[in-house]
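Student: Give me coordinates for this.
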Amino acid sequence: MRFFHNNTEITKNTERLDTSTYSLTYLTGSYIYIASDFPFNHLYMKLGTIKNVVSNTTMTVEYYGTSWNSVVELNDGTSGLSASGFIDFTPNRNYGWSMAYDSTIIGISKTLYDKYWTRISFDKNLTASIDLSFLGIKFSDDDDLFAEYPVFNDSNFMAAYKTAKTDWEEQEIKASSLIIDDLKKKNVIVAAEQVLDRKRFIGANTCKTAEIIFNAFGNDYLEQKKAAKEEYSKRLDLSQYNIDKDNNAILTPGEIVQSQGWLCR
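Tutor: Got it, this is the predicted structure:
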């Protein structure tokens, strides 16, 4: 995925948590654009210190067909960029999602060929300079992690990992990218966007996150790391993966089956 604020590309500021954030000044009529290789139906937004405090802010998500179409079943877990959270939605079955052969069609001056486009907007001017730290795919959060590994919900444990650490989002995002890599190796997907049911990977993501954390402590947690790694392998070996086969980002009964073989664009 690549990200733009109007005509400014912000990918390098938002694709990793360990890079600088993007300070978003949002005025009505502007957009956050997403260019992807496949249609998708979920996204995670991580905000920094500065968040939107304008009350009752409504998010709109649209995707490009022959024109811009609003999604349905939108769940804005950020509550109008007032908190970090998941954004889940479904494309409207009555309007197709088409690949744009040239980004200039939708008003982006930087040339990008053969991408699917999404845009996010809001109905109010937002707090100036909101910190966007990460935009991308993530499968689980700290609540999921603490439910299985309560030891991680301890400020002393976090401090032992890294000074002033307050959450495990960096490790959860890394675990999500490793799951995507493993699904590609299994020939289940060719791109992260094809995963339509992110909740099926919460358990696997939690275990992979735990493995990453335990690994940082070396020999002190070898058995716990081994157990997390073994459990991850079990949880990733699913009978069905619920992935997109027809490039419309809508999960149909025919797609809720075991996935085998490469999926092509």
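Student: Walking through the stretch 101-250 of the chain, point out its strands one by one.
Tutor: Taking DSSP state E, counting those that start in this stretch as the test, the strands found in the stretch 101-250 of the chain are 116-122, 130-136.
Student: Turn the ones you listed into CSV, including distance to R200 and mean neighbour count.
Tutor: No exception for glycine: its C-beta is placed from N, CA and C like everyone else's. Below are the strands of the stretch 101-250 of the chain laid out as CSV (distance: least, CB to CB, whole Å; neighbours: other CB atoms under 10 Å):
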stretch, distance to R200, mean neighbour count
strand 116-122, 22, 22
strand 130-136, 18, 21
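Student: Can I get the ones you listed in JSON lines including distance to L236 and mean pLDDT?
Tutor: Rendered in JSON lines, the data for the strands of the stretch 101-250 of the chain read as follows (distance: least, CB to CB, whole Å; pLDDT from 0 to 100):
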{"stretch": "strand 116-122", "distance to L236": "26", "mean pLDDT": "97"}
{"stretch": "strand 130-136", "distance to L236": "19", "mean pLDDT": "94"}
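Student: so where's the stretch 1-150 of the chain uncertain?
Tutor: Within the stretch 1-150 of the chain, not a single segment meets pLDDT under 70.
Student: Now do the contacts for the residue sitting nearest the centre point of the chain.
Tutor: Nearest to the mean C-alpha position of the chain, counting by CA atoms, centre = their mean, stands I137 at 2.2 Å. I137 makes contacts with 1, 42-44, 176-177, 180, 192-193, 195, 198, as judged by CB atoms under 8 Å, 6 or more residues apart in numbering.
Student: go on, M158?
Tutor: Counting by CB under 8 Å, 6+ apart, M158 has contacts 152, 165-168.
Student: How about G96?
Tutor: By CB under 8 Å, 6+ apart, G96 lies in contact with 65-66, 248.
Student: In three-state terms, how would it be classified?
Tutor: Recorded secondary structure, G96: coil (DSSP: H, G, I helix; E, B strand; the rest coil).
Student: How is the protein divided into domains?
Tutor: For the chain, the domain assignment from automatic domain parsing gives the residue ranges 2-136, 142-255.
Student: quick one: which of the contacts of M158 has the most company?
Tutor: W168 (24 neighbours; other CB atoms under 10 Å).
Student: where's the residue nearest to A175 when sequence neighbours are not counted relative to A160, distance?
Tutor: Distances taken as CB to CB, 6 or more residues apart in numbering put K208 closest to A175, at 3.7 Å, once the chain neighbours are dropped. For K208, the distance to A160 equals 20 Å [CB to CB, to the nearest Å].
Student: Settle it for me: which of the two has more neighbours?
Tutor: For K208 and A160, the more surrounded residue by other CB under 10 Å is K208, and the numbers stand at 29 against 13.
Student: before we move on, back to that, pick the one among the contacts of M158 closest to G29.
Tutor: Distance from G29 was checked for each of the contacts of M158 by CB to CB. The minimum falls on D167, at 33.5 Å.
Student: Skipping adjacent residues, who's closest to that closest one in space?
Tutor: Using CB to CB, 6+ apart and skipping residues adjacent in sequence, the residue nearest D167 is D142, 5.5 Å away.
Student: For the residue lying closest to E15 once chain neighbours are set aside, list the residues it contacts.
Tutor: Sequence neighbours aside, G136 is the residue nearest to E15 in space, at 6.3 Å (criterion: CB to CB, 6+ apart). The contact partners of G136, taken as CB under 8 Å, 6+ apart, are 1, 14-15, 43-44, 173.
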